[in-house]
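S.K.: Need a 3D model of the sequence below.
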Amino acid sequence: MRNIRTETAGCLTGVQNEGGVLTARFVFPETFIGFQGHFPGNQVLPGVCQILCVLVAVEHGLRATAALREVLIAKYAAPVLPGAALTCTVQTAADAADGTIVKARLECGGKKVAELKLRVALDAAAG
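M.R.: Numbering: from 1, shown residues only. This is a model prediction of the structure:
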C-alpha cells in the first residue's frame, strides 16, 4: 500500500489551506499504478485511490501524518479517467479521542466525482 500512496502523492500538483479548507489538485497519468487492472481498456481511478487523495491532501495541507481509521461515507458519482485534473476539497469536521472526522468532495471539471467522510488519526509531530 505504501507504493500506491507514494505514487498518489507524486500526482499531487498543488495544495492550498485557506481558512481551514484544504484544496488539493491531482493529475493521474495513464501509467499510474492504480489504473493497472482497473479496468484494462477502460481505465478508471479506483475508489481507494480517491480516499488516498484525501489523506495526501490532509498530510500536505496540515503538515501531519494521516492514518485512515474508518470510512464513514463513500459516495462515488462519476469515474476519474487518466489525465483528468481532480480537485479534492477537504474540511475538518470534528476532533475526538478516536480520530478526526474529515469531509471531502472530489471534482473533475467542476462536476462531482465523490463525497467522502473519513475518520483519520493525525500525528502533527511526525509531519
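S.K.: centroid residue for the chain?
M.R.: By Cα atoms, centre = their mean, the chain has its centre lying nearest to C53, at 1.7 Å.
S.K.: Does that one touch T8 like I think?
M.R.: Yes - shown here, C53 and T8 form a contact pair, counting by Cβ atoms under 8 Å, at 6.3 Å. For the C-beta atoms, the positions are set from N, CA and C on the backbone; glycine is no exception.
S.K.: Kindly point out which residues are neighbours of both of these two.
M.R.: Shared contacts of C53 and T8, defined by Cβ atoms under 8 Å, 6 or more residues apart in numbering, comprise F26.
S.K.: Can you get me a residue count around the residue lying closest to L122 once chain neighbours are set aside?
M.R.: Residue nearest to L122 in three dimensions, not counting chain neighbours: A64, with 4.6 Å by Cβ to Cβ, 6 or more residues apart in numbering. A64 has 17 neighbours, counted by other Cβ atoms under 10 Å.
S.K.: Okay, now the unreliable bits of the protein?
M.R.: Scanning the chain for pLDDT under 70 picks out the ranges 1-2, 125-127.
S.K.: Helices of that one, residue ranges please.
M.R.: Secondary structure of the chain, counting by DSSP state H: helices at 2-10, 47-62.
S.K.: What sits closest to V44 if chain neighbours are left out?
M.R.: Using Cβ to Cβ, 6+ apart, the nearest residue to V44 is P79, at 4.1 Å.
S.K.: who's in contact with the one you found?
M.R.: 44-45, 113 are the contacts of P79 under Cβ under 8 Å, 6+ apart.
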